[in-house]
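[1] Sequence and computational prediction follow.
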Amino acid sequence: KLDVLWAVLITFGFFFYFYLGYHYFGDPLYLKQVLKEITWENPALPWVGLLDAVNRFYRYQITDWMIEGFMVIFFWFFDLILLLYVSRKIRLSYAIYGWLMFLMMTSTSIWSGLPRYSLMLFPNFVILGILGQRPVMNYLITLISLMLHTVFLILFIQGRYAF
């Protein structure tokens, strides 16, 4: 079938990426090393990143902690609550995907990109759509989303942070 071809193409791209790293740098995982040097992220148990986000309160000024600590913790709770709720409302495969992605994105030592990574959790968007069928929840979801978008846009324009 033609469907098998798409799976083979995905696998081909994956191995081609490793080939390029090996061919040009002598190491198929070269990009992983470069990212580790730039972002200081290491694989870790999920609570390590949470403790780091909480401990940033003591290391950062309050305005910086609100961006790099509070927002990270807020999105962690937001994703966790929605995934707990979504697990009972939508098909099992979506819930499994959501939990595996949540585990993968929180299994690093630093969670600076967690709000951005939350966009990969499409089951959360499904559940927000279900919740948004009620007019009050729809307005609340829209208001909070617009407020967060505005804050992140202002921070990005100022060059302060881009998650």
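    That came through fine. Computed from a predicted model, the values in this text were never measured in an experiment.

[2] Who are the contact partners of the spatially most central residue of the chain?
    The chain has residue 117 as the residue nearest its centroid, 1.6 Å off, counting by C-alpha atoms, centre = their mean. Counting by C-beta atoms under 8 Å, 6 or more residues apart in numbering, residue 117 touches residue 105. Any C-beta I mention is one placed from the backbone N, CA and C, and that applies to glycine too.

[3] give me that answer again for 10 Å
    75, 79, 101-102, 104-106, 108, 111, 163 (C-beta atoms under 10 Å, 6 or more residues apart in numbering).

[4] just residue 57 next, same as before
    Neighbour list for residue 57: 65-66, 68-70, 73 [criterion: C-beta under 10 Å, 6+ apart].

[5] Pull out the buried members of the residues you listed.
    Buried residues within the contacts of residue 57, counting neighbours by 16 or more other C-beta atoms under 10 Å: 65, 68-69, 73.

[6] What distance do you get for residue 60 to residue 149?
    For residue 60, the distance to residue 149 equals 23 Å [C-beta to C-beta, to the nearest Å].

[7] more neighbours, the two?
    Legend: neighbour count by other C-beta atoms under 10 Å for residue 60 and residue 149, higher for residue 60 (14 against 10).

[8] what's the spacing between the more buried one and residue 103?
    Using C-beta to C-beta, we find residue 60 at a distance of 27 Å from residue 103.

[9] again with residue 3
    For residue 3, the distance to residue 103 equals 28 Å [C-beta to C-beta].

[10] higher neighbour count, those two?
    Between residue 3 and residue 103, residue 103 has the larger neighbour count (other C-beta under 10 Å), namely 10 against 6.

[11] So for the helix or strand that one falls within, what gets flagged as buried?
    Assigned by DSSP states H and E, residue 103 belongs to helix 92-105. For helix 92-105, a neighbour-count test (16+ other C-beta under 10 Å) marks 94-95, 98-99, 101-102, 105 as buried.

[12] Check the closest residue to residue 80 other than its chain neighbours and give its pLDDT.
    Nearest non-adjacent residue to residue 80, counting by C-beta to C-beta, 6 or more residues apart in numbering: residue 102, 7.3 Å away. Residue 102 carries a pLDDT value of 92.

[13] Please tell me I have it right and residue 102 contacts residue 76.
    Yes: Residue 102 is in contact with residue 76 according to C-beta atoms under 10 Å; the separation is 8.9 Å.
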